[in-house]
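>>> A predicted structure for the sequence below; I have some questions about it.
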Amino acid sequence: MTTIGERQQAAYVAAQAADARLQVELQTEQMTLNLGPQHPATHGTLRIVARLDGEQVVQADVVCGYMHRGYEKLAEVRNYPQITTLVNRIDWLSSFANEVPFILAAEQLMEIEAPPRAQYIRTILFELSRIANITLFIGEMGVQLGALTPVFYAFRDREHVLNLIEGATGGRFHPNYDRIGGLKDDLPKGWIDETRSVMKRIRDYCDELETLLMGNEIFDRRTRGIGVIPADIGLSYGLSGANIRASGVDWDLRRDERSPLAWKDCDWKVWTHPDGDCFARYWVRLQEVREATKIVDQLLDGLPAGPIQAKVPRIIKVPAGEAWVHTENPLGEMGYYIVSQGGLGPFRCKIRSASFNNTSIVPWLLRGVYVPDIITILASLYFILGDIDR
Amino acid sequence: MPQLPGLVKGLGVTFKTMLAGAVTVQYPHVKEEPPSRARGVIALKEENCTVCMLCARQCPDWCIYIEGHKEKRPPRREGGKPRTVNALDRFDIDYALCMYCGICVEVCPFDALFWTPEYEYSEPKIADLLHDKERLGEWMQTVPEPLPLEVGAAKKK
Amino acid sequence: MLAIDVTTYGWTTALKTGIVLAVIPAAAIVLGYTFLLKMMSHMQSRLGPMEAGPHGALQLIADGVKFIQKEDIIPDEADRRIFALAPLVVILSTFLLYIVLPAGPHLIVQDLDVGVFFALAVSSLSVIGVLMAGWSSANKYSLLGALRAAGQLIAYELPLVLAVVGVVVQAGTMSMQGIVAAQAHGEIFGFGAIGNPFILTQFVGFVLFLAASQAELTQTPFDMPVAESELVAGYMTEYSGFRFLFFFMAEFGTAFALAAIAATLFLGGWYVPGVTGNAADVLGPLVLGAKIMAVSFLIFWIRFTYPRFREDQLQTFAWKYLIPISLVNIVVTGVLKVVL
C-alpha cells in the first residue's frame, strides 16, 4: 500500500497543461473520438465524447440516457409488489440489493418491522448480491486492461452464488424475494451448508485473482497513479461506495446508518485505501468481497429461528407520508424517497442510484489522460448502465 | 525493473486451471437440472380457478388474458337455490411479455397457479409463446413438490 | 556456374513454393486450433469449440469457408487500391520468412549464407502493410491502431535482432543450417551426447527473443495496436471476409515462423541426437514441429495471462530495458567466446 505523491502530482500537472493547451492556438488539430454508445469497454450504452490531442484527452463529455426506462414514472402507476419486481432490474448484477431500500422505506411508512429471521436472511442475500456483483468487477477489470482470462474465472465462481440465490428465491438474476413485512418464502433445506461451501469457494477465487491480476506487475503499472480522485473532490461530486473509500474516506452506510438489517450483529471491517487511484479502487473491492463472505458466515451461524413474515393485510395500502431510506449497495449509495398519499402504490418514488453520481466525475477525471487510461478509469469507477439511466 | 515473482505466479494460476478441466457442460447433449424453486414456466390447475381475476389484475405487464362466464349449478342441499359459479373460458399467459416475477402465483387465493422449473419452450414464432388453458394444464405434470424448509423455519399452519 | 539446368531448377522452385504456400495455412490452422481454441479455452475453464469435427478440430476450416464466402465490404471513403494491397503485403512478409526455415538437413527452400539476417529483415516488411491498412481504412480507430503498431513494431525490431546476435556470435555463422550444425556438434562441458542447444548459454537471449517476437506479433502484453476493448480491432477494424482471413493467416503464420526460428536458434532445430542422413529428413520436421509447439506454448501462455502495456510503457520497456540487456548479452557472449 504505497502512496504515490509524485505520480499524483504528475497527473495534476498534465491536467493543467491540457487546460492550458485549450487556450493556445496550435498548428495540430484536435480529434474528436466517440467512445460508444456501442463499445466493448463501456458497460452498456454509455457515450463519451472525447477531444484528443494526439493520445491525450483535452476534454471529455459523458452522454448517458440511452438506457432510460422511466422507472420513476412507471412507479407512479403500479402498486408496491409490482414495483418490487421492477426495481430488481435497476442494478441487474446485484438485484436483491435494489429491493431492500424500497421495501424498508415502505415498511417505515407502515410502521411494520419484519421478524429477526427475515432481517437476517435479507442481510445474507444482500451480501450475496454484493459478492455476485463485485466478483464480476474483479474479473472484468482484467478484460478492460487486456487480460482475457480473469473474467472467465469470475463467471465460473459467480455461478455458484447465482445458484444459491436461485435455490432460495427461484430467480438467478431477479429474485423478487423481499416483501413488505418480511420475505416471500423461507430457505430450502440444505441451503445453509451449501452457502458455507460457496463462501469458501469465493474466498479461494479472491486469492486466485489476487495472484493472477493484482500481483501482476503490468497491472500495477497500468493502474497505480491513474485516475486519482482526491477525497474532497470525490465527496463534492457525490461519489459513494468503494470509489470514495479508496480515496481514504471512512464512510459505510452499513455501519453508520441505523437500519433494521443485521449488520450490527456481526463483526466486520470497513476497508479504505489512501491513494485514490485505480489500483486502490480495485484493492478495496477485493477486500470487500472477502469481508462479505465473512459477514455471511457469521450471519449463518447466528440465524435466529422464527417466522419469515410479519402480519400484514392482504391488500397493502401504505399510509400517507414520506420516507427516505438509503443503503450501502455494491455500487455505492442507493436510496429511495417515497411519497405516499395512502394508495396502493406510491404517489412519487425518487430513486437515487449510485452510478449516476459516480459517473459525474468522469469529465473532471479524464482531463489530460491517455486514451488507454480512459478505459482503465471507466472500468475502475465501475458503473452499471441500468443504474445510471434507470 | 519489474520483479519476476508476481508475473511468474500469475502464469502458475493459468497453468493450474488449464490442467483442472473445464466446468462447462455441452448443453443440448448434457442438461443441468435447475433448482426446484426455479421459475421456469407457470402451470394452471383449472379446477381450482374461480375466475377471480386477481392474477390478471396484479400482473405488472398485464400478460394474463382471462375470460369467463357465470353458470348455474345445482344446489348443494335439497330445496336450496341453484348456485351461480364462474366458469373459465379462456386463460392465456403470454410468455413474450411475462417477466417471471411470480406475483400471479403468489396472489392466487385458491392455489390454481404453480411454478415449474421447465425452461425449454422457446418457439420460432413469437405468437406461439401465448400458452392457452390446455398447454398450461399440461405443465402441471412438471410441478415439483414444495421443498422441506431449513432448520429454524416456522412451521406452516 | 552459369550453365544451370533451368527446367529442374524451375520445377524444384515451383515445388518448394507450393509446399510453403500449403504449409502457411496448415500452420495457421494447427497453431490456431491448439493454442487459440483449445489451450485458451482450458485455461479459462471451458471447452472451446466441440461441434465442428471431433473436439472442434474442423472449426477453423469452417471459419475459413465462412470468411471466404462473405461480402467484400470496402468503406466508401477508403483508398481502394491500398486497402486491397495491405493484407497482401503482410502475408508476403510471412511467406518470405519460410524460405530460410530448415526442417531437415536437406529440407530447406534455400539455405542462404545470411539466413538469420534475411529472416529478420523480411519480418519487418509487415510494418508497411499495417500502416497501409490503418491509413487507407478512413477510420480514426484504425489510424490510431496503425500508428501505435508502427511505433511498436519498429521499437521491438531491435531487441529481436540483438538477441539473435548473441547466437550468431556463438555459432560463428548466420546460415540457419550452420547454426543447427553448430548446436548439433557442440558439447556441454565435454558431454556431447545431446549437442549444445544454445538456450543453455543464451538463456537471456532466448527470453529477449520471446518477448520481442511477442511484440512483433502484436500479442498481449504488447497488443496495443489491436486492443480489443478499446479500439475494436485496431488497424484491422474495417477488414472483413477474405481480407481479414489474410491478416489472420499472416498473424499465425508469422507466429509459427518466429517460433520455428526460436526453435532453430535456441533449441537445436531439427537435430535429434544420434540421427543423421535420410532418417533425419523424415524425423526432422516432426522434431522441429514438437519444438515449435513448445515455444508457441510459452508465447500463448503469456498472451492469455497478462494484461496489456500502455503504449508509452511498451516503448519504455523496449528502449530502456530490453535493448540495454541485449547489448550486455552480446558483450558477455563475445568476451566468453574469445576467452573460452
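The structure has been received and is ready for your questions.

>>> Which pLDDT does the model give the residue lying closest to A:L331 once chain neighbours are set aside?
Among residues not flanking A:L331 along the chain, A:A354 sits closest, at 4.2 Å (CB to CB, 6 or more residues apart in numbering or on different chains). Using the backbone N, CA and C atoms, a C-beta is placed for each residue, glycine as well. A:A354 is assigned 91 on the pLDDT scale.

>>> Kindly report the same for C:A86.
Reported pLDDT for C:A86: 90.

>>> right, and A:A60 touches A:L366 too?
Yes. Contact criterion CB atoms under 8 Å: A:A60 and A:L366 qualify, at 3.9 Å.

>>> list the residues that contact both of the two?
A:48, A:50, A:374 (CB atoms under 8 Å, 6 or more residues apart in numbering or on different chains).

>>> Name the single longest strand found in chain B.
The longest strand of chain B (DSSP state E) is strand B:83-94.

>>> Off-centre distance for the helix ranked longest in chain B?
For chain B, the helix with the greatest residue count under DSSP state H is helix B:4-20. Chain-centre distance of helix B:4-20: 43 Å, with CA atoms, centre = their mean, to the nearest Å.

>>> Which other helices and strands does it contact?
Packed against helix B:4-20 by the contact rule (3 or more CB pairs under 8 Å, 6 or more residues apart in numbering or on different chains; DSSP states H and E) you find helix A:217-223, helix C:40-43, helix C:278-305.

>>> quick one: buried residues of it?
Neighbour counts over helix B:4-20 (16 or more other CB atoms under 10 Å in any protein chain shown) mark B:6-7, B:10-11, B:13-14, B:17-18 as buried.

>>> my read: C:V100 touches C:M176, true?
Yes. Judged on CB under 8 Å, C:V100 makes contact with C:M176 at a distance of 5.3 Å.

>>> Tell me the residues that contact both of these two, please.
C:108, C:111-112, C:115-116, C:119.

>>> picking up where we left off before, among A:A60 and A:L366, which residue is more densely surrounded?
A:L366 (23 against 20; other CB atoms under 10 Å in any protein chain shown).

>>> Provide a list of residues in contact with that one.
A:48, A:50, A:57, A:60, A:374, A:377.

>>> and whichever residue of chain A sits closest to chain C, how many neighbours does it have?
Nearest residue of chain A to chain C: A:G146, at 3.1 Å (CB to the nearest CB). Residues near A:G146, counting by other CB under 10 Å, number 27.

>>> And the pLDDT at it?
pLDDT, A:G146: 81.

>>> Do I have it right that it meets C:P221?
Yes. Counting by CB under 8 Å, C:P221 is a contact partner of A:G146 at 6.9 Å.

>>> who touches both of the two?
C:306-308.

>>> Tell me the one among those residues nearest to chain B.
When the shared contacts of A:G146 and C:P221 are compared against chain B (criterion: CB to the nearest CB), the nearest one is C:Y306, at 6.9 Å.

>>> check contacts around the closest one.
Counting by CB under 8 Å, 6+ apart, C:Y306 has contacts A:146-147, A:216, A:218, B:7, B:10, C:220-221.

>>> quick one: is stretch A:190-209 near chain C?
No. Against chain C, stretch A:190-209 shows no contacts by CB under 8 Å from any CB of the partner chain, the least distance being 11.2 Å.

>>> Okay, buried residues for that stretch please.
A:191-192, A:195, A:198-199, A:202, A:205-206, A:208-209.

>>> Residues contacting that stretch, please?
A:124, A:128, A:131, A:135, A:138-139, A:150, A:153-154, A:157, A:160-161, A:164, A:167-168, A:286, A:289-290, A:293, A:296-297, A:300, A:303, B:13, B:150-151.

>>> Okay, and which of these map to helices?
A:124, A:128, A:131, A:135, A:138-139, A:150, A:153-154, A:157, A:160-161, A:164, A:167-168, A:286, A:289-290, A:293, A:296-297, A:300, B:13.

>>> quick one: least confident helix or strand in chain A?
Least confident element among the helices and strands of chain A, by mean pLDDT, DSSP states H and E: helix A:5-23 (a mean of 66).

>>> Which parts of the stretch 101-250 of chain C are helices?
Along the stretch 101-250 of chain C, counting by DSSP state H, counting those that start in this stretch, helices occupy C:115-123, C:126-136, C:140-171, C:176-185, C:203-216, C:228-231, C:242-266.

>>> okay, those in a markdown table with mean neighbour count, distance to chain A and mean pLDDT next?
Converted to a markdown table, the helices of the stretch 101-250 of chain C look like this (neighbours: other CB atoms under 10 Å in any protein chain shown; distance: least, CB to the nearest CB, whole Å; pLDDT from 0 to 100):
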| stretch | mean neighbour count | distance to chain A | mean pLDDT |
| --- | --- | --- | --- |
| helix C:115-123 | 20 | 24 | 90 |
| helix C:126-136 | 23 | 14 | 89 |
| helix C:140-171 | 22 | 6 | 85 |
| helix C:176-185 | 21 | 33 | 84 |
| helix C:203-216 | 22 | 12 | 90 |
| helix C:228-231 | 22 | 5 | 52 |
| helix C:242-266 | 24 | 16 | 88 |
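
>>> In a markdown table, list the shared contacts of A:A60 and A:L366 along with distance to C:I261 and pLDDT.
Putting the shared contacts of A:A60 and A:L366 into a markdown table (distance: CB to CB, whole Å; pLDDT from 0 to 100) gives the following:
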| residue | distance to C:I261 | pLDDT |
| --- | --- | --- |
| A:I48 | 43 | 87 |
| A:A50 | 41 | 85 |
| A:I374 | 37 | 86 |
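
>>> CSV for these, including secondary structure?
Below are these laid out as CSV (DSSP: H, G, I helix; E, B strand; the rest coil):
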residue, secondary structure
A:I48, strand
A:A50, strand
A:I374, helix
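
>>> List only buried entries from those.
Members of the shared contacts of A:A60 and A:L366 classed as buried by 16+ other CB under 10 Å are A:48, A:50, A:374.

>>> so what's the second one bridging to?
Listed by DSSP bridges, the beta-bridge partners for A:A50 are A:L33, A:A60.

>>> helices or strands up against the helix or strand hosting A:E99?
Assigned by DSSP states H and E, A:E99 belongs to helix A:95-110. Judged by 3+ CB pairs under 8 Å, 6+ apart, the packing partners of helix A:95-110 are helix A:80-87, helix A:116-145, strand A:178-179, strand A:321-329, strand A:332-340.

>>> Need the winner for burial among these.
strand A:178-179 (a mean of 27; mean count of other CB atoms under 10 Å in any protein chain shown).

>>> Given that one, what are its sheet partners and their directions?
strand A:182-183 (antiparallel).

>>> roughly how far is the following helix or strand past the strand it pairs with from the heart of the chain?
Toward the C-terminus, strand A:182-183 is succeeded by helix A:191-209 as the next helix or strand (DSSP H and E). Relative to its parent chain, helix A:191-209 has a centroid offset of 21 Å by CA atoms, centre = their mean.

>>> One more: stretch A:319-334?
Distance, centroid of stretch A:319-334 to centroid of chain: 14 Å (CA atoms, centre = their mean).

>>> So whichever residue of chain C sits closest to chain A, which state does it fall into?
Closest residue of chain C to chain A, CB to the nearest CB: C:R308 (3.1 Å). Following three-state DSSP, we place C:R308 in the coil state.

>>> How many neighbouring residues does it have?
Neighbour tally, C:R308, other CB under 10 Å: 26.

>>> pLDDT value on it, please?
For C:R308, the model assigns a pLDDT of 86.

>>> Chain B: strands as residue ranges?
Under DSSP E, chain B gives strands at B:41-44, B:64-73, B:83-94, B:113-116, B:130-131.

>>> Dump the ones you listed to a markdown table, plus mean pLDDT and mean neighbour count.
Below are the strands of chain B laid out as a markdown table (pLDDT from 0 to 100; neighbours: other CB atoms under 10 Å in any protein chain shown):
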| stretch | mean pLDDT | mean neighbour count |
| --- | --- | --- |
| strand B:41-44 | 91 | 24 |
| strand B:64-73 | 88 | 13 |
| strand B:83-94 | 87 | 15 |
| strand B:113-116 | 91 | 21 |
| strand B:130-131 | 90 | 19 |
